[in-house]
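Asks: Structure here, sequence nowhere to be found:
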């Protein structure tokens, strides 16, 4: 035993000597030498933040911020798509104000969570508003959404998941008009769809490119999703005629395309909510199983309340049940359930005969003011000396006038006259009033005089 311990101690001594000795003089050192470990680099969990690039600002909201910071007393904001009254102020519809007062006075009201699909009574009323009083809700799957933006996002996710992909494609294609509301592209791309474009506006005539539209829909792979603006196309204000809508319906049907309607201006466009729903109702009557994104931002003035619906027209109540279950599965991990204040306002208005009538009058008033500003802008442009043909502006409908001005002209309007607008030449007529329309018309004349407003 003592012998074993003796040799063990010798071995340990040799190893220690080898490790600590100079390798050039000790033959054991090379075999037992230990490398000095490299220092450990400390990694912070937040290091990735320094590599994140700055994202581009939102085009429209960035212009709105620039307007706020401008100190020119003559500045005019014709960029943002929100209604203003004749004094340039935001307007809460009187019918909406009364509905809100009733809600606040209701002692039984609470702030509990809404169901995943939202307030069922509100959804039913909203669908009747869009599809018509005689619509069969037993075959329409509808959910409350975060206005039209949220409806498009839910709808895009749903279609990307369930619409069969055309042969050879990795994603479901959605054809979006060119031009369109700028957010459409990002919404459907983020939802997992392949965004493609179809011709819609002919800048050489400043009118609907109907032939190009039909050619592109015909050329799209069968079973593609086609996005259509239900009324008051944003940004052009150019809508097909009813005869053209019928032809579009037939073309879409012949190709087996899926229709996605975006309805943001029902009632606001013409002042008549029934007339503004004509295209949507035509497609449903002709058998299309449409998807509809519906917003109450513009027509009820509920911009900040984020109130809308997403609906899918189905063949049977059983299909409706299955579709509704899938829409809920999309919503639950996205935002769980919708806000309740805006939907409660719409429900209160549309369930009271007196408030409903007053609402339609309010809506007509907004549309009438916009229409008056459209007509007056064209009239004053002529009075200040413009020789351009502005009849395309007169023929357009809805909140915007798509002028045909180039981006350079728009830049000059902003830099020289403090008139803030998007670079595509779109003007929000809601930003015009009797106090600024002559100033705006003179400025437009100055930047367009001698230059073409068609391409």
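Replies: Nice, thanks for sending it over. The structure displayed is predicted, hence computed values, not measured ones.
Asks: after the strand or helix carrying residue 68, next one along is what?
Replies: Residue 68 is part of helix 59-69 when elements are defined by DSSP states H and E. Note on helix 59-69: by DSSP H and E, the next helix or strand toward the C-terminus is strand 76-77.
Asks: Quick one: mean pLDDT for that following strand?
Replies: Taken as a whole, strand 76-77 carries a mean pLDDT of 97.
Asks: next one: stretch 298-307
Replies: 98.
Asks: which parts of that stretch are buried?
Replies: 298-303, 305-307 (16 or more other C-beta atoms under 10 Å). C-beta: built from backbone N, CA, C; applies to glycine.
Asks: what does stretch 85-92 give?
Replies: residue 91.
Asks: possible to save the buried residues of stretch 298-307 as a markdown table with secondary structure?
Replies: Formatted as a markdown table, the buried residues of stretch 298-307 follow (DSSP: H, G, I helix; E, B strand; the rest coil):
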| residue | secondary structure |
| --- | --- |
| 298 | helix |
| 299 | helix |
| 300 | helix |
| 301 | coil |
| 302 | coil |
| 303 | helix |
| 305 | helix |
| 306 | coil |
| 307 | strand |
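Asks: Between which two of these is the distance greatest?
Replies: 299 and 306 (14.4 Å; C-beta to C-beta).
Asks: So which bits of the longest helix anywhere in the chain are buried?
Replies: Counting residues, the longest helix found in the chain (DSSP state H) is helix 353-383. Applying a neighbour-count criterion of 16+ other C-beta under 10 Å, one finds 355-356, 358-360, 362-364, 366-367, 369-371, 373-374, 376-378, 380-381 buried in helix 353-383.
Asks: returning to that earlier point: and the buried residues of stretch 298-307, which is closest to residue 339?
Replies: residue 306 (6.1 Å).
Asks: That closest one contacts residue 341, correct?
Replies: No - Residue 306 lies out of contact with residue 341 (C-beta atoms under 8 Å); the separation is 9.4 Å.
Asks: Now for those two: what residues contact both?
Replies: With contacts taken as C-beta atoms under 8 Å, 6 or more residues apart in numbering, residue 306 and residue 341 have no neighbour in common.
Asks: Run the chain-centre distance for the longest helix of the chain.
Replies: Helix 353-383 has its C-alpha centroid displaced from the chain centroid by 24 Å (C-alpha atoms, centre = their mean, to the nearest Å).
Asks: So which other helices or strands are in contact with it?
Replies: Judged by 3 or more C-beta pairs under 8 Å, 6 or more residues apart in numbering; DSSP states H and E, the packing partners of helix 353-383 are helix 94-105, helix 341-350, helix 391-395, helix 437-448.
Asks: Tell me which of the ones you listed sits nearest to residue 197.
Replies: Across those, closest to residue 197 is helix 391-395 (C-beta to C-beta), at 21.4 Å.
Asks: The helix or strand following that closest one pairs with which strands?
Replies: Using DSSP H and E, the next helix or strand after helix 391-395 towards the C-terminus is strand 400-402. Strand 400-402 has the following strand partners under DSSP bridges: strand 426-428 (antiparallel).
Asks: Just say which of the helices and strands packed on helix 353-383 is most tucked in.
Replies: helix 341-350 (a mean of 23; mean count of other C-beta atoms under 10 Å).
Asks: Let me see the mean pLDDT of that helix.
Replies: Per-residue pLDDT values over helix 341-350 give a mean of 98.
Asks: ok, now stretch 126-144?
Replies: Rounded mean pLDDT across stretch 126-144 is 98.
Asks: what's the answer for stretch 316-326, then?
Replies: 98.
Asks: who touches that stretch?
Replies: 117, 138-143, 158, 161-162, 312, 314.
Asks: at 6 Å what do you get?
Replies: Stretch 316-326 has contacts (C-beta atoms under 6 Å, 6 or more residues apart in numbering) with 138-139, 141, 312, 314.
Asks: Stretch 103-116 too?
Replies: 328, 331-332, 337-338, 340, 344.
Asks: how does it look with 8 Å?
Replies: Stretch 103-116 has contacts (C-beta under 8 Å, 6+ apart) with 143-144, 328, 331-332, 336-341, 343-345, 348.
Asks: Find the pair from those residues with maximum spatial separation.
Replies: With C-beta to C-beta as the measure, no two of those lie farther apart than 332 and 348, at 27.0 Å.
Asks: what is the rounded mean pLDDT of the helix or strand in which residue 154 is found?
Replies: Residue 154 belongs to helix 147-162 when assigned by DSSP H and E. On average, the pLDDT along helix 147-162 is 98.
Asks: immediately after that helix, which helix or strand?
Replies: Taking DSSP H and E, what comes next after helix 147-162 is strand 173-178.
Asks: So the residue nearest to residue 146 when sequence neighbours are not counted versus residue 150, what's the distance?
Replies: Sequence neighbours aside, residue 306 is the residue nearest to residue 146 in space, at 4.5 Å (criterion: C-beta to C-beta, 6 or more residues apart in numbering). To residue 150, residue 306 is 7 Å away according to C-beta to C-beta, to the nearest Å.
Asks: For the helix holding residue 68, give me every contacting residue.
Replies: 75, 77, 79-81, 182, 414, 420-423.
Asks: Count the residues that sit near residue 199.
Replies: Close neighbours of residue 199, defined as other C-beta atoms under 10 Å, add up to 17.
Asks: Verify the stated contact: it with residue 214.
Replies: No - using C-beta under 8 Å, residue 199 makes no contact with residue 214, being 9.2 Å away.
Asks: tell me the contacts of residue 394?
Replies: 374-375, 378.
Asks: Could you rerun that using 10 Å?
Replies: Counting by C-beta atoms under 10 Å, 6 or more residues apart in numbering, residue 394 makes contact with 371, 374-375, 377-379, 401.
Asks: Now do it against residue 69, distance only.
Replies: Taking C-beta to C-beta, one finds residue 394 at 34 Å from residue 69.
Asks: Run through the residues that contact residue 264.
Replies: With C-beta under 10 Å, 6+ apart, residue 264 has these contacts: 81, 147-149, 151-152, 181, 229-232, 234, 293-299, 308, 398-399.
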